[in-house]
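[1] Below are the sequence and a predicted model for it; my questions follow.
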Amino acid sequence: MDVAFGREFEGQGADWRYYGHAVCRPQSHSVSPVARSTGHAGRALAVSAVAIGLMIAIAIGLALLASRGTVEVRLGDETFGGQRAERLAAEIDRDGPILYPDVAAGDRDIMLQHLGDDPERGWFAFAARPEGTSRDCTVRWDSTEEVFRLLDPDGEVREPCDGQEFPADGTGLPQYPVAVRDGRLDVDLNAAQRETSTTR
């Protein structure tokens, strides 16, 4: 440690006295942030490369297994619901069938319908449009005629929404099995995919 002295003297020769103070200067070392961060950057790149490699390997493995019919790859939840059947039945009786937009895959919107007075029975869940139809078209409930009509977002018959009619139970539209368990509703979203995979 470097020490600098300020000095004042009295007398001369061997009789001098020191009346001063020492100023301590802390040692300093040059720091190179570039040199220190080089190791971290290299490790981050290595970890990223390994992660990408694992993701590619998993994707290839799933594709191979799926092609052999030994694994089922699903997008989104397998079942939908969990709400109280009695409450939903009362809501549908009051306001009409409920449309559930698909927020996962983006195009599997579902219409939930209940017919009859028993909340344990009379449930129907079906696609909100025929297969291959634009998402601009959605079936809407006509409570007067008691039919669904394929209409545009404004509720009008306008291309490509041709006003096609479907009965109250959604016959003619892709259906999803519905079950009531312990008073709660479950809609099986992947029944059709499972049937297809077991017939291969």
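    Looks like it arrived, so ask away.

[2] Would you mark the buried spots in stretch 125-138?
    Ala125, Phe126, Ala127, Ala128, Arg129, Thr133, Cys137, Thr138 (16 or more other C-beta atoms under 10 Å). For the C-beta atoms, the positions are set from N, CA and C on the backbone; glycine is no exception.

[3] just for this protein, where's the confidence low?
    1-41, 59-79, 103-106, 192-200 (pLDDT under 70).

[4] mind listing the helices in it by residue range?
    33-67, 85-95, 191-198 (DSSP state H).

[5] Quick check: the farthest pair among the buried residues of stretch 125-138?
    Distance extremes for the buried residues of stretch 125-138: the farthest pair is Ala125 and Cys137 at 18.6 Å, using C-beta to C-beta.

[6] What sits closest to Gly155 if chain neighbours are left out?
    Arg140 (6.2 Å; C-beta to C-beta, 6 or more residues apart in numbering).

[7] what do you get for Asp102?
    Arg108 (4.2 Å).

[8] Confirm for me that the one you found is in contact with Ala127.
    Yes: using C-beta atoms under 8 Å, Arg108 is in contact with Ala127, at 7.2 Å.

[9] quick one on the thing from earlier: distance of the residue nearest to Asp102 from His114?
    Note on Arg108: its distance to His114, by C-beta to C-beta, to the nearest Å, is 20 Å.

[10] In terms of neighbours, single out the busier of these two.
    His114 (24 against 19; other C-beta atoms under 10 Å).

[11] for the more buried one, what are its contacts?
    For His114, the contacting residues are Leu88, Ala89, Ile92, Asp93, Pro97, Gly122, Trp123, Phe124, by C-beta atoms under 8 Å, 6 or more residues apart in numbering.
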